[in-house]
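Participant: Sequence and predicted structure are below.
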Amino acid sequence: MRETWSFYSAGQILFGRNAVRQVGEVVRRHRVDRLFLVTDAILAKLGIVETVVQALTSAQVAVEVFDQGEPEPSLSL
């Protein structure tokens, strides 16, 4: 049985109130001009996805949204 695990974190973690407004700037710093956003219908319905999309499009990042993901995917096929 495995007893150890490795965890590698992202180079930058941006968090805090209204941090999502900076996502466009962060993505552009990585020279991204197109992005595929995978989410679920619940987050889309709550308006969270639209906030992210607005921040990205304001930074001239083209966004395609797939909102049919399962919030908590089952393990069965």
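Facilitator: Nice, thanks for sending it over.
Participant: where do the strands sit along the chain?
Facilitator: Remark: strands assigned in the chain by DSSP state E are 34-40, 62-69.
Participant: Make TSV out of the ones you listed and add mean neighbour count and distance to Thr51.
Facilitator: Bear in mind the C-beta positions are built from the backbone N, C-alpha and C, glycine included. TSV is the format used below for those (neighbours: other CB atoms under 10 Å; distance: least, CB to CB, whole Å):
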stretch	mean neighbour count	distance to Thr51
strand 34-40	13	12
strand 62-69	13	12
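Participant: how far away is the residue nearest to the spatial centre of the chain from Glu3?
Facilitator: Centroid check for the chain by CA atoms, centre = their mean gives Leu37 as the closest residue, at 6.2 Å. Separation of Leu37 from Glu3 (CB to CB, to the nearest Å): 37 Å.
Participant: Scan this protein for its longest helix.
Facilitator: helix 48-58 (DSSP state H).
Participant: now the angle between strand 62-69 and it, please.
Facilitator: 170 degrees (axes from the mean of the first three to the mean of the last three CA atoms, to 10 degrees).
Participant: what's the closest non-adjacent residue to Thr67?
Facilitator: Slight slip there: residue 67 is Asp, not Thr. Ala44 (4.2 Å; CB to CB, 6 or more residues apart in numbering).
Participant: Sounds good, over and out.
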